[in-house]
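S.K.: Sharing a sequence plus its predicted fold:
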Amino acid sequence: MRDFPVTPDEIDLLGRRLGRHADAIRRGLAEVRTRAEGMTWTGPARQRFDHDLGRELKAGARLADDIAHCAADLREAGRRLDEILTGLRADERDVRDAYPAYLREQGIEGPVFQAAIAELPDPLDPEWARLARRVLGHTHTRGLL
């Protein structure tokens, strides 16, 4: 079972794929430029062609740059999501470990104790962040839920 629809590794992989596409676009643009420069054609039509080609090559370069920026942003998002998930998993483990002692400190025993242990909220529920703050005094979920 997965925690989220997309994992940090999948986001990173998508970023790397996009980065390779940006590189491929740049290589293609360079090849077009090289071939155009090798043409032995002159005159007004060539000048128009060179002008139009230059405009299209610039647009292609901007597109490649935009894709490369998206790729870098995706890779950073994957890294950041991994950090967040690591913190959330640590919170979950720490709350589950500390919760029994917390309940005992509150004077909760017997069936109520067992029910409280059995009815911990789902870690994605906003109540989990409140519980983590009560039990641990902090939470990695701040601002996330």
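M.R.: Noted; the coordinates are in hand.

S.K.: List the contacts of the closest residue to Arg104 other than its chain neighbours.
M.R.: Once flanking residues are discounted, Arg104 sits nearest to Phe113: 7.6 Å by Cβ to Cβ, 6 or more residues apart in numbering. Glycine gets a C-beta too; all of them are placed from N, C-alpha and C. By Cβ atoms under 8 Å, 6 or more residues apart in numbering, the residues touching Phe113 are 100, 103-104.

S.K.: quick one: Phe113 and Glu105, what's the gap?
M.R.: Shown here: Phe113 relative to Glu105, a distance of 12 Å by Cβ to Cβ, to the nearest Å.

S.K.: got it, and Ala116?
M.R.: Ala116 sits 13 Å away from Glu105, going by Cβ to Cβ.

S.K.: Then Pro126?
M.R.: 24 Å.

S.K.: what do you get for Gly38?
M.R.: Taking Cβ to Cβ as the measure, Gly38 falls 81 Å from Glu105.

S.K.: who has more neighbours, those two?
M.R.: Neighbours were counted for Gly38 and for Glu105 using other Cβ atoms under 10 Å; Glu105 has more, 10 against 7.

S.K.: Lovely, talk soon.
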